[in-house]
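Trainee: build me a model:
(one chain, ligands or ions: 1)
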Amino acid sequence: MTNNVLIKNAHAILTGKSGTDARSKASDIRIKQGVITEMGNGLTQQDGERVLDARDCVIYPGWVNTHHHLFQSLLKGVPSGINQTLSPWLQSVPYLYRHSFNEERLRLAARIGMIELMLSGCTTIADHHYIYTPGMAYDPSAVLFDEAEALGVRFMLLRGGATVTRKLETNASNQAQPETLDGMLADVERTAARFHQNGPRPRTRVAMAPTTATVSVRPEDLKYIARIARGMGIPMHTHMSESVSYMEYCREKFGCLPIEFLAEHEWIGPDVSLAHLTHLTDTEMQILGKSGTGMAHCPQSNARLADGIANAPMLEKLGAMVTLGVDGAASNEAADMLSEVHFCWLVHRAKAGAATRPRPEGEGEAGADSATAEQVIHWATANGAKMLGFEGVGTLEVGQAADLAVYDLDAPRYFGLHDMAIGPVASGGRPRLKWLLVDGAIVVEDDAIPGLDMAALRAEARADVLRLISDV
Ligand SMILES: [Zn+2]
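Mentor: Numbers count the residues shown, from 1 in each chain. I've put the predicted structure just below:
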C-alpha cells in the first residue's frame with residue numbers, strides 16, 4: 001500500500017502544536033507514502049492519490065495514549081470495586097482477576113481496548129502491562145504487539161512487573177509469583193531487541209516499567225534497573241504518587257517523599273515518565289520540573305478512584321512534560337481518549353475555581369483558562385509522542401507521519417458551535433469518525449474498522465465476562 005492520500009476541504013485543522021501554531025491555516029493535507037508532504041488550500045489531486053473529502057470536518061493529530069492496562073478491558077464496572085479507593089480496589093479488581101488471564105483472554109481484552117481507543121481517534125497506544133510470572137505459558141508482550149499490528153496502530157509496551165510481592169498482596173491467597181530480577185531484565189532485553197524501534201516514525205517501542213518503582217522491586221535494585229534501561233537506550237516508566245498512600249509509605253519506609261526517593265535512585269529525567277502524580281508537594285513538583293520528567297496524566301481514573309486532581313498545568317509551567325493516558329478500563333470504565341481530553345479540559349478549571357477566595361484576601365473569580373482546548377490537545381498528541389520517543393509523530397506538519405483523525409461534527413451536539421475546531425474537546429461526546437489514518441493508511445472509515453465483525457466481538461466479550469464472573 002502506497003498510502004498516497006489527499007485530504008481536502010477540512011473546516012479546521014489543529015496541529016497538536018502549542019501557542020499560535022496550534023491552528024493550521026490549511027484546509028488540505030497531502031500524504032505521500034504515509035508522510036505529510038504538503039499542507040495548504042486548493043491542492044489538486046495527483047496521480048495515484050485517493051481523495052478524502054473532509055468538508056464540515058475537523059482534523060486533529062491521532063491521540064497518543066501514554067498509560068493504559070489493556071487487560072482490564074474485560075474488567076469494567078466490577079461491582080465489588082466500583083466505590084473503592086485505589087488500595088482496596090487493587091485487591092478487589094486487578095489483583096483478584098489477573099490470575100484468570102491466559103493468552104486468549106488477554107488477546108480479547110487487548111483487542112477491545114485498542115478498538116475503543118481507535119474509535120476515539122487514538123493512533124498510538126502505550127500499554128503498561130504487568131502480568132508476568134516466571135515460566136508463563138505464553139508471552140504477553142508478543143500478544144500485545146501482535147494485536148496492535150493486526151489493527152494497524154502504533155504500540156509501545158511499558159513492560160511492567162515485579163520482583164517482590166507488595167505489602168498489599170502478602171495476605172492474599174492468590175498473590176502473584178514475582179519474577180527474579182535477572183529474569184525480568186532478560187525478558188525486557190529480549191522484547192526490546194525484537195520490538196524497540198527508534199525514529200523516524202517508529203511503529204513499536206519498549207520501555208522498562210516496573211509496575212510501581214517504590215514497591216515492585218527492591219529499593220537497592222532500582223538504580224541498577226535504571227542503568228540497564230539507559231544502557232539499552234530505552235525509556236523508563238512507572239506508577240507514582242497516585243494516592244496519598246504513596247507518601248505515607250515512602251515517609252514511613254524511606255524517610256523521604258516519593259519523588260525524592262526516585263531522584264536519589266536515578267528515576268527522573270526526560271527519559272522517565274510517571275503515571276498519575278496526583279499527590280505531590282511543591283518540592284517534588286520542582287524536582288520533576290527541573291529534570292523535565294514526563295507525566296502520564298490520567299484524570300478520569302484519578303477521579304473515579306477518588307485519588308484527587310493532579311496539578312498538570314503547574315507541572316508543565318515548571319518544566320515537566322505533561323501527556324494524557326486513559327489508564328486501565330477497570331478504573332475508568334472506558335478507553336476513550338476523547339472523553340479523557342474533554343474531562344481534562346474541564347477538571348483543571350474546576351480545581352482552580354475551587355481554590356479561589358473572595359476579594360480582598362483572594363483573587364475573586366479565576367481559573368477558566370487553566371487548560372485550554374489547544375493545550376490539552378497538545379498534551380494528548382505532540383507531548384505524548386515526544387515523551388514516549390515516537391519521533392516524527394504527534395503533530396500535523398510537513399515531514400511528520402500522517403497519523404490523524406477526521407471528525408465529522410454532524411450531530412445536534414455540535415450544531416451551533418461558533419468555533420467548530422474545538423468541538424470534539426469542548427462539546428464532548430463522540431463525533432462520527434470519518435477516517436482515522438496511521439502512516440497514511442486508513443484504519444477507521446465511516447466510524448468502523450474495515451473487516452471487523454463487531455457483533456462477534458460483542459458476543460465474545462459478553463461470554464467472557466460471564467466466564468470471569470463464574471471463575472472468581
Ligand atoms: Zn495504571
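Trainee: what's in contact with stretch 287-295?
Mentor: Stretch 287-295 has contacts (Cβ atoms under 8 Å, 6 or more residues apart in numbering) with 66, 259-260, 263, 268-270, 272-274, 277, 280, 310, 312, 315, 317-323, 387. Heads up, the C-betas are built off the backbone N, CA and C, glycines and all.
Trainee: and the pLDDT for I442?
Mentor: pLDDT for I442: 98.
Trainee: tell me which element it is part of?
Mentor: Taking DSSP states H and E as the definition, one finds I442 inside strand 441-445.
Trainee: other SSEs contacting that strand?
Mentor: Where contact means 3 or more Cβ pairs under 8 Å, 6 or more residues apart in numbering; DSSP states H and E, strand 441-445 is packed against helix 103-119, strand 432-438.
Trainee: repeat that for 6 Å
Mentor: strand 432-438 (3 or more Cβ pairs under 6 Å, 6 or more residues apart in numbering; DSSP states H and E).
Trainee: how much does the strand it packs on deviate in direction from strand 441-445?
Mentor: Angle, strand 432-438 to strand 441-445, by axes from the mean of the first three to the mean of the last three Cα atoms, to 10 degrees: 160 degrees.
Trainee: pLDDT score for the closest residue to D471 other than its chain neighbours?
Mentor: Once flanking residues are discounted, D471 sits nearest to S100: 5.2 Å by Cβ to Cβ, 6 or more residues apart in numbering. In this model, S100 is scored at 92, pLDDT.
Trainee: check G362 too.
Mentor: With respect to pLDDT, G362 scores 89.
Trainee: I'd like to know how far it sits from I7.
Mentor: 48 Å (Cβ to Cβ, to the nearest Å).
Trainee: neighbour-wise, which of the two wins?
Mentor: In this view G362 and I7 are compared by other Cβ atoms under 10 Å, and I7 has more residues nearby, 29 against 11.
Trainee: ok, and the more buried one, which helix or strand is that part of?
Mentor: Take DSSP H and E as the rule and I7 turns out to sit in strand 5-8.
Trainee: state the number of residues packed around the residue nearest to D471.
Mentor: As a burial measure, S100 scores 16 neighbours (other Cβ under 10 Å).
Trainee: backbone dihedrals for it, please?
Mentor: phi -80, psi 0 (degrees, to the nearest 10).
Trainee: repeat for Y224
Mentor: For Y224, the backbone dihedrals (degrees, to the nearest 10) come out as phi -60, psi -40.
Trainee: same check, this time on A385
Mentor: phi -60, psi -40.
Trainee: for it, give its distance to K17.
Mentor: From A385 across to K17, the span is 12 Å (Cβ to Cβ).
Trainee: higher neighbour count, the two?
Mentor: Neighbours per residue (other Cβ under 10 Å) separate A385 from K17, with A385 holding more: 29 against 20.
Trainee: check contacts around the more buried one.
Mentor: Neighbouring residues of A385 by Cβ atoms under 6 Å, 6 or more residues apart in numbering: V64, V393, G394.
Trainee: ok, the last one - how many residues close by?
Mentor: Which is G394. For G394, the count of nearby residues is 29 (other Cβ under 10 Å).
Trainee: next one, pLDDT for the closest residue to it other than its chain neighbours please.
Mentor: Closest residue in space to G394, ignoring its immediate chain neighbours: A385 at 2.9 Å, by Cβ to Cβ, 6+ apart. The per-residue pLDDT reported for A385 equals 98.
Trainee: residues touching E116, list them.
Mentor: E116 is in contact with A335, counting by Cβ under 6 Å, 6+ apart.
Trainee: which element is the residue with the largest distance to the centre of the chain on?
Mentor: Ranked by distance from the centre of the chain (Cα atoms, centre = their mean), the top residue is P360, with 41.5 Å. For P360, there is no enclosing helix or strand under DSSP H and E.
Trainee: before we move on, what about the one 10 residues further on?
Mentor: Using DSSP H and E, S370 is not contained in any helix or strand.
Trainee: can you give me the helices in the stretch 1-150 of the chain?
Mentor: For the stretch 1-150 of the chain, applying DSSP state H, counting those that start in this stretch gives helices covering 86-92, 94-97, 103-119, 140-151.
Trainee: and the last one, what's buried?
Mentor: Put plainly, it is helix 140-151. Neighbour-count burial for helix 140-151, counted by 16 or more other Cβ atoms under 10 Å, picks out P140, S141, V143, L144, F145, E147, A148, L151.
Trainee: many thanks, have a good one.
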